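I would like the atomic coordinates for the input below:
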Amino acid sequence: MITLPERNNVLIAPSLLSADFARLGQEVKALEEGGADWLHFDVMDGRFVPNISVGIPVLKSLRAITALPIDVHLMIVEPDSMLPAFAKAGADTLTVQAEACTHLHRTLQNIHALGCRAGVALNPHTSIHCLEYVMELVDFVLVMTVNPGFGGQAYIDSCTSKIASLREKYPDLPIEVDGGIKSDTIRRAAAAGANIFVSGSGIFSQPDYSEAIQCLRTECRNA
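Here you go, the predicted model:
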């Protein structure tokens, strides 16, 4: 099971949703060489979110070519039935949407039983109070700073206060953020208390992935 970062450690997790899928193997190698900490793997079903992305065969192929932790975010309805397949395909973390889980406590138990780290994602409108009675099973929280479903959206500023509230309530909790994370927004999220940063176009739109990742780290340190 992968080790999660302590409060003052920063992880950069490029979102493969923004990668060139015609050359995904080369993209992953470039991210490894560029200093990425995790690979963020978004799964969309066209039901929970209005888009369809990638699934188990692609995850299995990635697991065969990289030793980087693969951070799987399930933006799907009824995730419980799919947890074993994604774990078997190579997920290191399995993050479910709080809004998609009728029995969130049981879902988190199932993730741990599969040997994965358990994350809970909160959409921009979702209160952190929904976590109160499951926190003993939560390894990290993913704060969505855009409405999920599409890459390239703008960071929602009101989510910064949600990050700060989480950090105040749970001082040692790893907090991941995803949505509009670029060099000009990562500082806000880091200052509020986030320490795992998912970035898609903020990395993949740049000609040098190493330089882009280092720039994000620098902005975190300056926060």
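
in the protein, which spans are helices?
With DSSP state H as the criterion, the chain has helices at 24-34, 56-63, 83-89, 104-113, 159-169, 186-192, 201-204, 209-222.

now these in a markdown table, with mean pLDDT, distance to residue 15 and mean neighbour count?
Heads up, the C-betas are built off the backbone N, CA and C, glycines and all. Output for the helices of the chain, formatted as a markdown table (pLDDT from 0 to 100; distance: least, Cβ to Cβ, whole Å; neighbours: other Cβ atoms under 10 Å):
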| stretch | mean pLDDT | distance to residue 15 | mean neighbour count |
| --- | --- | --- | --- |
| helix 24-34 | 98 | 11 | 16 |
| helix 56-63 | 97 | 13 | 16 |
| helix 83-89 | 98 | 17 | 17 |
| helix 104-113 | 98 | 21 | 18 |
| helix 159-169 | 97 | 16 | 17 |
| helix 186-192 | 96 | 13 | 21 |
| helix 201-204 | 95 | 8 | 22 |
| helix 209-222 | 95 | 12 | 17 |
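
ok, for residue 153, nearest residue in space, not its chain neighbours?
Leaving aside its chain neighbours, residue 153 sits nearest to residue 146 (3.9 Å; criterion: Cβ to Cβ, 6 or more residues apart in numbering).

same thing with residue 86?
residue 72 (5.6 Å).

Could you measure from that neighbour over to residue 8?
Distance, residue 72 to residue 8, by Cβ to Cβ, to the nearest Å: 26 Å.

This completes my enquiry, with thanks.
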